[in-house]
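Engineer: sequence first, predicted coordinates after that:
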Amino acid sequence: MKIGILGYGNLGKGIECAIKQNKDCELVAVFTRRDPSTVKILTAGVPVENVKDILNYKDKIDVLVICGGSATDLPEQTPEYAKYFNVIDSFDTHAKVPQHFANVDKAAKESQHTALISCGWDPGLFSLNRLYANCVLPEGNDYTFWGKGVSQGHSDAIRRIKGVKDARQYTVPVESALKAVRACENPELTTRQKHTRECYVVAEDGATAEDLKRIENEIKTMPNYFADYDTTVTFISQEELNKNHKEIPHGGFVIRTGKTGWDKEYNNVIEYSLKLDSNPAFTTSVLVAYARAVYRMSKEGQTGCKTVFDVAPAYLSPLSGEEIRAHLL
């Protein structure tokens, strides 16, 4: 399977590493909006091209992995490149998935290509687990907890505050809420009751006590980010942040609790959890597995946009059906 990478940030680098671990995959080219001469990749002999030259590879790539951001890049890039390639992305703005799906579906069907959107761990693997659990326990409750992990968007929001030099923000599940869910107490939890937010902030040099007080207040009252959570702000040095907070760990839990039995006398808990040293490294490993599915569905003549709900598990594996049944069933 010949793969192209569009965008060489954290996700693009992760795709390159994941390809190395999948022997049936080959990296054909990396495409960038930057000057290609300034982009150094890990794979020897693979060209880095400017994105304006991407159509020169129209017949050389089986699946193009689009590694842009969900806010502005993917809504434009995925439907555009679905006109020319089989594509996959990690679009993660949950509320906008239906519109993104419709746009990509139209482009892919018109060009007879296969596309898959919103692939990763949430949306992605967590979505699958929510679906499976809802089908198995039709009378029950869903709970999703994220963390402990770095929220890159929230960290960026802090860095945009005047007087902030650098920052990392961790989303942390509330242990008492997790315990209540696992005990089948079926609690109704508010946003504040499910997660806390821990912020580690490097202030600009020369910041006064008043500056620190203002920054802390701006963080804790920021709408859509921190105002609805119990938030702690800790000021640290750049050296400490670089030493202790440079990685991008994440993870979380998808839990469904439900009743079975004639009189609903039995409690059940279905739980799926992830603990990740590197969010982008894991997300891209999911993307490469699903790129294999896109390639196989394309060869079968399936066109249009898909999600993880439409992919049979066997399409993800490099093993044959016989091998899967013998060793994994």
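Structural biologist: Perfect, thanks for sending it. Residues are numbered from 1 along each chain as shown.
Engineer: shaky segments in the stretch 101-250 of the chain?
Structural biologist: In the prediction, the stretch 101-250 of the chain carries no residues with pLDDT under 70.
Engineer: could you pull out the helices for it?
Structural biologist: Using DSSP state H, counting those that start in this stretch, the helices of the stretch 101-250 of the chain run over 125-136, 152-159, 175-182, 191-194, 209-220, 238-244.
Engineer: so which of those is nearest R296?
Structural biologist: helix 125-136 (17.8 Å; Cβ to Cβ). Yep, even glycine has a C-beta here, placed from its N, CA and C like the rest.
Engineer: so which of the helices of the stretch 101-250 of the chain gets nearest G7?
Structural biologist: Short answer: helix 152-159, nearest of the helices of the stretch 101-250 of the chain by Cβ to Cβ, at 15.0 Å.
Engineer: list the buried ones in the closest one?
Structural biologist: Neighbour counts over helix 152-159 (16 or more other Cβ atoms under 10 Å) mark 152, 154-155, 157-158 as buried.
Engineer: likewise stretch 272-287?
Structural biologist: Buried residues in stretch 272-287 (16+ other Cβ under 10 Å): 272, 274, 276, 278-287.
Engineer: roughly how far does the nearest residue to T221 once chain neighbours are set aside sit from I248?
Structural biologist: Of all residues not flanking T221 in the chain, A227 sits nearest, at 5.5 Å (Cβ to Cβ, 6 or more residues apart in numbering). A227 sits 24 Å away from I248, taking Cβ to Cβ, to the nearest Å as the criterion.
Engineer: these two - which one has more neighbours?
Structural biologist: Per other Cβ atoms under 10 Å, whichever of A227 and I248 has more neighbours is I248, with 19 against 13.
Engineer: need phi/psi at the more buried one.
Structural biologist: phi -120, psi 70 (degrees, to the nearest 10).
Engineer: next, the contact list for it, please.
Structural biologist: 10, 149-150, 152, 278-280 (Cβ atoms under 8 Å, 6 or more residues apart in numbering).
Engineer: now the strands for this protein?
Structural biologist: Assigned by DSSP state E, the chain shows strands spanning 2-6, 26-32, 48-50, 63-66, 87-88, 114-116, 140-146, 149-150, 164-173, 195-203, 230-235, 250-260, 266-276, 304-306.
Engineer: tell me which of the ones you listed sits nearest to H94.
Structural biologist: Judging these by Cβ to Cβ, what sits closest to H94 is strand 140-146, at 10.7 Å.
Engineer: between the closest one and strand 164-173, how many degrees?
Structural biologist: Orientation check (axes from the mean of the first three to the mean of the last three Cα atoms, to 10 degrees): strand 140-146 against strand 164-173 gives 150 degrees.
Engineer: neighbouring strands - and their directions - for strand 140-146?
Structural biologist: strand 250-260 (antiparallel) (DSSP bridges).
Engineer: send me the partner strand as PDB with only the CA atoms.
Structural biologist: C-alpha atoms of strand 250-260 as PDB (Å, rounded to 0.1, in the frame of the first residue of the first chain):
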ATOM      1  CA  HIS A 250      -3.300  11.400  26.800                       C
ATOM      2  CA  GLY A 251      -5.900   8.700  27.200                       C
ATOM      3  CA  GLY A 252      -9.300   8.100  28.700                       C
ATOM      4  CA  PHE A 253     -12.200   5.800  29.400                       C
ATOM      5  CA  VAL A 254     -15.400   4.900  27.600                       C
ATOM      6  CA  ILE A 255     -17.800   3.200  30.000                       C
ATOM      7  CA  ARG A 256     -21.400   2.000  29.600                       C
ATOM      8  CA  THR A 257     -23.400   0.600  32.500                       C
ATOM      9  CA  GLY A 258     -26.600  -1.200  31.900                       C
ATOM     10  CA  LYS A 259     -29.100  -3.800  33.200                       C
ATOM     11  CA  THR A 260     -29.800  -7.300  32.000                       C
END
